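Have a look at this prediction, sequence included:
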Number of protein chains: 4
Amino acid sequence: MSKELAKKVVDKMMAEDKFSQWLGIETVLIEQGHCILKMKIREEMINGFGSSHGGVAFSFADSALAFASNSQGRLSVALECSISFAIAVKEGDELTCEARELSLTNKTGTYHIEISNQKNEKVAFFKGTVYRTSKEWFPENK
Amino acid sequence: MSKELAKKVVDKMMAEDKFSQWLGIETVLIEQGHCILKMKIREEMINGFGSSHGGVAFSFADSALAFASNSQGRLSVALECSISFAIAVKEGDELTCEARELSLTNKTGTYHIEISNQKNEKVAFFKGTVYRTSKEWFPENK
Amino acid sequence: MSKELAKKVVDKMMAEDKFSQWLGIETVLIEQGHCILKMKIREEMINGFGSSHGGVAFSFADSALAFASNSQGRLSVALECSISFAIAVKEGDELTCEARELSLTNKTGTYHIEISNQKNEKVAFFKGTVYRTSKEWFPENK
Amino acid sequence: MSKELAKKVVDKMMAEDKFSQWLGIETVLIEQGHCILKMKIREEMINGFGSSHGGVAFSFADSALAFASNSQGRLSVALECSISFAIAVKEGDELTCEARELSLTNKTGTYHIEISNQKNEKVAFFKGTVYRTSKEWFPENK
């Protein structure tokens, strides 16, 4: 039941999330407080060094943060995020992103997110904290 | 002379930077270690809450970090960035971003970046650290 | 009146704050959302490299975060903080720390804090976000 | 052999690290890129809220960062660290801290560090990036 709710929340978010759609983000796994996503780096995502713009990896992880935290059932918004860039990402790279919940209290949640490329190399590490509002995504399912 | 070099580096970066072009980033001011940029939030940048995706504000600041740090003349890449989200950004908002240099050593540089909306409200705060490679953008101008 | 309240809150906090006392932190200026503190690096604060331990600079900034945010009148606790180390700090250095408020909403506040040494060199940069509880320090003064 | 070198580096660091000694940090496990430490919260570490000062948890994690990264054999210094505070720490709490290596390149290393209390609750999450100098701790052992 909770896994179903998690999926229902993320389906609703993704349907409206035009930027995640533009990025080409696909959901691989959605559970409460946990998700795996994938996307592919296109030419439009490249920066002035010929690599993927740092904002693309951040955006990918930020979507994972939103899905993992909101899938707990309450509308949750990012307060503060940090990202460490380890390896350059190139056009054509196929990225996977996994969010896992470090902590969840009544007001906040903290998540650790790792992004890997198709060679299974870790390319970036993200830590994000959300504020959990009191608004339920599906009050009737509570 | 240094201000000219700064502008020359950023012009070269922007010409290749397809993602900053997609975002619609325009340069307002470019100086060594300092820049002001602007952009407008479009429908494609909206997330599942009907606000601008957090990755869009991050990407805007990350471009400012790249321009401010590389305009010191040496190819510089982001190592670690953090962003605090203060106020939601909406479709149609016109954002301004200013990067100022906090510190510059031989190997690293640290920058504080603020993003404001058209009402002059601060919407996000970004801190980023770059690694400065030994590669000059224009060795002949050194 | 608000400046008096700010000072009253910080005096109460400092009286209980044994770790800030151990660090030898002194208040130079206290205003709502703003403070300047000073401290001196002692032998006990040195790490395995013969420099001041990074945790000492962090602790100094974290006290400034607590004082600047709580001086707004409501009990506020740190959620997430980041620090960038620019220049090594040595035994005998006299440090000054200034916290300024970047944003204040009903639930959260974000602060930028800089630490300088006696030569007026910036040694570290700190960004911190607090959660503002509903508890007033002095309900009668509200 | 590498595990021995790791231990030799940390023993040398700890012998000089007066602040880690003051904190009462003990090493439980030292391996290249990995360590487990413990410490106990004393009265002198308490802040103005009657909890352990945030700088104490940060310092504990920062020592773990230093030990885990330097145990790779080269002198490494912290560039940028962030910490998320999940649960308040109290006087008498017995903390354990584990650092694991997320990435290691020629110039930088990134580490994820978690701090737990005696009830095995996670109290804080830390991410830190170091700059790896070219200086070997024990050139003869290379």
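Done, it's in.

ok, residue A:3 to residue A:135 distance?
Look at residue A:3 and residue A:135: by Cβ to Cβ, to the nearest Å, they are 21 Å apart. Quick note: C-beta positions are derived from backbone N, CA and C, even for glycine.

Who does the spatially closest residue to residue A:102 that is not a sequence neighbour form a beta bridge with?
Leaving aside its chain neighbours, residue A:102 sits nearest to residue A:110 (4.5 Å; criterion: Cβ to Cβ, 6 or more residues apart in numbering or on different chains). With DSSP bridges applied, residue A:110 shows beta-bridge pairing to residue A:103, residue A:129.

try residue A:40
Bridge pairing for residue A:40 - DSSP bridges - gives residue A:94.

Which of the helices and strands in chain A ranks last by mean pLDDT?
When the helices and strands of chain A are compared on mean pLDDT, DSSP states H and E, helix A:2-16 comes out lowest with a mean of 94.

circling back: the more surrounded of residue A:3 and residue A:135?
residue A:3 (13 against 10; other Cβ atoms under 10 Å in any protein chain shown).

Quick one: residues contacting residue A:112.
A:99, A:100, A:102, A:125, A:126, A:127, D:112, D:125 (Cβ atoms under 8 Å, 6 or more residues apart in numbering or on different chains).

Mind telling me what element it is part of?
strand A:108-116 (DSSP states H and E).

which helix in chain A runs the most residues?
helix A:54-70 (DSSP state H).

Settle this for me: the residue nearest to residue A:102 is touching residue A:129, isn't it.
Yes: here residue A:110 reaches residue A:129: they are 4.8 Å apart, a contact under Cβ atoms under 8 Å.

Tell me, how many residues neighbour the closest residue to chain C within chain A?
The minimum distance from chain A to chain C, using Cβ to the nearest Cβ, falls at residue A:80 (4.3 Å). Here the number of neighbours of residue A:80 (other Cβ under 10 Å) works out to 27.

and the nearest residue to it once chain neighbours are set aside, bridged to which residues?
Excluding the flanking residues, the one nearest residue A:80 by Cβ to Cβ, 6+ apart is residue C:80, at 4.3 Å. Judged by DSSP bridges, the bridge partners of residue C:80 are residue C:129, residue D:84.

who touches residue C:80 in this structure?
So residue C:80 contacts A:79, A:80, A:110, A:129, C:128, C:129, D:82, D:83, D:84, D:85 (Cβ under 8 Å, 6+ apart).

at 7 Å instead, please
For residue C:80, the contact set (Cβ atoms under 7 Å, 6 or more residues apart in numbering or on different chains) comprises A:79, A:80, A:129, C:129, D:82, D:84.

Surely the last one and residue D:123 touch.
No: contact between residue D:84 and residue D:123 fails when scored by Cβ atoms under 7 Å: they sit 10.0 Å apart.

Tell me the buried residues within the contacts of residue A:112.
Among those, the ones that count as buried by 16 or more other Cβ atoms under 10 Å in any protein chain shown are A:99, A:102, A:125, A:126, A:127, D:112, D:125.

Just put those in JSON lines and tack on secondary structure, pLDDT and distance to residue D:31.
Formatted as JSON lines, the buried ones among the contacts of residue A:112 follow (DSSP: H, G, I helix; E, B strand; the rest coil; pLDDT from 0 to 100; distance: Cβ to Cβ, whole Å):
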{"residue": "A:99", "secondary structure": "strand", "pLDDT": "98", "distance to residue D:31": "27"}
{"residue": "A:102", "secondary structure": "strand", "pLDDT": "97", "distance to residue D:31": "23"}
{"residue": "A:125", "secondary structure": "strand", "pLDDT": "98", "distance to residue D:31": "20"}
{"residue": "A:126", "secondary structure": "strand", "pLDDT": "98", "distance to residue D:31": "25"}
{"residue": "A:127", "secondary structure": "strand", "pLDDT": "98", "distance to residue D:31": "23"}
{"residue": "D:112", "secondary structure": "strand", "pLDDT": "98", "distance to residue D:31": "15"}
{"residue": "D:125", "secondary structure": "strand", "pLDDT": "98", "distance to residue D:31": "21"}
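
Out of those, the closest to residue B:75 would be?
residue A:125 (22.8 Å; Cβ to Cβ).

For that closest one, give me its contacts.
A:83, A:84, A:86, A:114, D:102, D:110, D:127.

How about residue A:38?
Here residue A:38 is in contact with A:26, A:28, A:94, A:95, A:96 (Cβ under 7 Å, 6+ apart).

Need the three-state assignment for it.
strand (DSSP: H, G, I helix; E, B strand; the rest coil).

and it, how far is that from chain B?
16 Å (Cβ to the nearest Cβ, to the nearest Å).

Spell out which parts of chain A neighbour chain D.
Contact residues, chain A versus chain D (Cβ under 7 Å from any Cβ of the partner chain): A:82, A:84, A:86, A:102, A:103, A:105, A:110, A:112, A:122, A:125, A:127, A:129.

Including distance to residue A:61, could the residues you listed go into CSV?
Formatted as CSV, the residues of chain A next to chain D follow (distance: Cβ to Cβ, whole Å):
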residue, distance to residue A:61
A:82, 10
A:84, 11
A:86, 13
A:102, 14
A:103, 18
A:105, 21
A:110, 13
A:112, 10
A:122, 12
A:125, 9
A:127, 9
A:129, 13
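
nearest residue to residue A:26 other than its sequence neighbours?
residue A:38 (5.3 Å).

Which single one of the contacts of residue A:125 is nearest to residue A:33?
Nearest member of those to residue A:33, counting by Cβ to Cβ, is residue A:114, at 15.3 Å.

That closest one: what's it in contact with?
A:98, A:122, A:125 are the contacts of residue A:114 under Cβ under 7 Å, 6+ apart.

of the residues you listed, closest to residue C:45?
Among the contacts of residue A:114, and counting by Cβ to Cβ, the member closest to residue C:45 is residue A:125, at 29.5 Å.

Can you give me the distance of the closest one to residue A:58?
Where residue A:58 is concerned, residue A:125 sits at a distance of 11 Å (Cβ to Cβ).

With residue A:132 instead?
Distance from residue A:132 to residue A:58, by Cβ to Cβ: 22 Å.

Show me which of these two is the more surrounded one.
It is residue A:58, of residue A:132 and residue A:58, that has more neighbours when counted by other Cβ under 10 Å, with 29 against 19.

residue contacts, that one?
Contacts of residue A:58 by Cβ under 7 Å, 6+ apart are A:83, B:55, B:58, B:59.

Leaving out chain neighbours, which residue sits closest to the second one?
I take that to be residue B:55. Once flanking residues are discounted, residue B:55 sits nearest to residue A:59: 2.5 Å by Cβ to Cβ, 6+ apart.

ditto for the first one
In space, and not counting its chain neighbours, residue A:83 is closest to residue A:126: 4.7 Å by Cβ to Cβ, 6+ apart.

Quick one: residues contacting the one you found.
Taking Cβ under 7 Å, 6+ apart, one finds A:61, A:81, A:83, A:113 in contact with residue A:126.

Just give me the neighbour total for the first one.
Applying other Cβ under 10 Å, we find 29 residues neighbouring residue A:61.

do you know how far the nearest residue in space to it that is not next to it in sequence is from residue D:102?
Of all residues not flanking residue A:61 in the chain, residue A:126 sits nearest, at 3.9 Å (Cβ to Cβ, 6+ apart). Using Cβ to Cβ, residue A:126 is found at 11 Å from residue D:102.

same question, residue A:140
On the measure of Cβ to Cβ, residue A:140 and residue D:102 end up 41 Å apart.

For chain A, give me the ranges with low pLDDT.
Counting by pLDDT under 70, chain A has low-confidence residues at A:1, A:141-142.
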